[in-house]
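**Q** coords please:
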Amino acid sequence: MSTFASMDVHTHVVPAEFPPYLGRRLGVRWPSMADAQPCHKHVMLDGKVYRTVSHQCWDCQVRLADMDAMQVGQQVLSPMPELLSYWLEGADAQVLTRFLNERIAAMVQQAPARFVGLGAVPLQDVERAIDELDHAVHQCGLAGVEIGSNIDGVSIGDARFEPFFAAAERWGAAIFVHALRPAGMDRLVGPPILEQALAFPGEVGLAAASLLTGGTLARHPRLRIAFSHGGGTLAQLLPRLQHAWEQFAPLQQAMPVAPRTAARSMFYDDLVYDAAGIAFLIESFGLGQLMLGSDYPFAIMDKDPVGRIAALPLDAAAQQALRLGNALRWLGRTPAEEPKNG
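**A** Prediction:
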């Protein structure tokens with residue numbers, strides 16, 4: 001297997017600039033960029049610095065050099081989650097997501113053998129979200145979209161979003177779910193980084209569970225959906241949910257497929273920073289549902305995602321599945337479309 005026969009499904013993009021806000025509303029939380037230290041810019045929201053990011057977020061050549069150093073053959077590009085902007089009015093959000101989708105498509109075109117793109121949709125307005133999914137997949141050539149774990153506080157398993165998931169299933173669009181504005185922040189004690197360290201896993205676990213308990217996944221069995229951060233707490237929740245499903249008729253009525261079985265039809269990145277944790281994910285979800293992910297280029301990223309998989313006591317076929325094969329299945333691609341070196 002080639003050193004570069006690997007695909008990182010969890011990486012993020014921030015454009016080097018944003019278009020000015022041209023809508024009619026006042027006080028809109030529209031992003032902009034401001035110069036920072038060399039090779040860095042501030043992402044500005046509400047006139048305040050939301051995050052300082054480096055040129056790795058928008059410079060494809062820098063990104064490709066990093067990929068080579070990390071022995072990553074291909075990256076799946078998705079927006080920094082805060083840019084999903086579910087708190088904007090639908091029309092404003094569609095303008096912003098259209099810009100993101102076209103910018104990510106342009107990055108893919110700079111190195112189509114190395115990049116796959118996921119866009120964004122304004123899920124606070126489901127009709128507009130479906131329209132933008134259509135544009136992202138059929139006009140921009142993106143493989144699918146990234147969505148947040150909740151839509152301005154509403155779980156993705158809520159029935160109002162089902163038309164969107166039906167469209168994604170119909171068009172074969174891959175969906176990547178990332179934690180966004182997680183629940184439980186009021187219970188954290190310590191510095192802000194604890195949002196990512198402690199709150200993200202619970203948030204992603206609840207989002208994944210909502211697709212099971214709300215029946216979305218059962219009604220759309222061909223939906224190819226993946227969850228960031230190893231599916232968060234879902235693997236720990238599954239035994240409890242399975243036991244409750246076996247004991248209580250209302251759960252069986254809500255979930256026609258057993259939780260353990262249903263969870264094995266979704267995909268998950270392996271971003272848990274621990275070999276024993278990855279082994280637990282394999283046991284919980286199945287080897288065929290796990291994919292390499294790093295969270296490049298942010299500070300919490302796994303700096304050696306390929307090496308972490310290589311260190312697992314698995315045979316060559318299992319290694320290949322984790323590094324590349326499962327990601328190709330999630331994206332709806334065949335091995336013939338494997339990324340080439342160079």
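
**Q** switch to C-alpha atoms for all contacts and neighbour counts from now on
**A** OK.

**Q** longest helix of this protein?
**A** Taking DSSP state H as the criterion, the chain has its longest helix at helix 90-110.

**Q** Show me what that helix is in contact with.
**A** Contacts made with helix 90-110 from outside it, assessed by CA atoms under 8 Å, 6 or more residues apart in numbering, are listed as 13, 15, 23, 60, 77-79, 84-86, 114-122, 124-125, 128-129, 132, 136, 140-142.

**Q** With only the CA atoms kept, save stretch 243-250 in CSV.
**A** Written as CSV, here are the backbone C-alpha positions of stretch 243-250 (Å, rounded to 0.1, in the frame of the first residue of the first chain):
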residue,chain,number,x,y,z
HIS,A,243,-31.0,-2.3,27.0
ALA,A,244,-33.8,0.3,27.2
TRP,A,245,-34.9,-0.5,23.6
GLU,A,246,-35.2,-4.2,24.6
GLN,A,247,-37.3,-3.4,27.7
PHE,A,248,-39.6,-0.6,26.6
ALA,A,249,-42.2,-0.8,23.8
PRO,A,250,-42.3,3.0,23.1
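
**Q** how about it: buried residues?
**A** If you call a residue buried by 16 or more other CA atoms under 10 Å, then stretch 243-250 has these buried ones: Trp245.

**Q** Tell me the buried residues within the contacts of helix 90-110.
**A** Buried members of these, counted by 16+ other CA under 10 Å: 13, 15, 60, 77-79, 84-86, 114-122, 124-125, 128-129, 132, 136, 140-142.

**Q** Please flag which of those sit within helices.
**A** Counting by DSSP H, these place Cys60, Arg128, Ala129, Glu132 in helices.

**Q** on that earlier part again, for the longest helix of the chain, list every residue counted as buried.
**A** Buried positions in helix 90-110, judged by neighbour count with 16+ other CA under 10 Å: 90, 92-105, 107-108.

**Q** Over to stretch 269-277?
**A** Buried positions in stretch 269-277, judged by neighbour count with 16+ other CA under 10 Å: Asp269, Asp270, Leu271, Val272, Tyr273.

**Q** Just the helices from the stretch 201-342 of the chain, written as ranges.
**A** Along the stretch 201-342 of the chain, the segments classed as helices by DSSP state H, counting those that start in this stretch run 216-219, 234-247, 249-254, 259-263, 275-285, 305-310, 316-320, 326-331.

**Q** surely Leu312 meets Asp274?
**A** No - the pair Leu312 and Asp274 fails to qualify as a contact (CA atoms under 8 Å) at a distance of 10.2 Å.

**Q** Tell me the residues that contact both of these two, please.
**A** Common neighbours of Leu312 and Asp274 are not found (criterion: CA under 8 Å, 6+ apart).

**Q** how many neighbours does Gly47 have?
**A** For Gly47, the tally of surrounding residues (other CA atoms under 10 Å) stands at 11.

**Q** Could you do Pro20 as well?
**A** The criterion is other CA under 10 Å. On that basis, Pro20 has 10 neighbouring residues.

**Q** and what of the one 10 residues further on?
**A** If you count neighbours by other CA under 10 Å, Trp30 ends up with 19.

**Q** So for it, what pLDDT did the model give?
**A** At Trp30 the predicted local distance difference test score is 93.

**Q** give me phi/psi at the most centrally placed residue in the chain?
**A** The centroid of the chain falls nearest to Phe176 when counting by CA atoms, centre = their mean (3.5 Å). Note on Phe176: backbone dihedrals following degrees, to the nearest 10 are phi -120, psi 120.

**Q** From the opening residue of stretch 27-46 to its closing one, how far?
**A** Stretch 27-46 has its terminal residues 8 Å apart, counting by CA to CA, to the nearest Å.

**Q** which parts of that stretch are buried?
**A** Burial within stretch 27-46, assessed by neighbour count using 16+ other CA under 10 Å, is assigned to Trp30, Pro31, Ser32, Met33, His40, Lys41, His42, Val43, Met44, Leu45.
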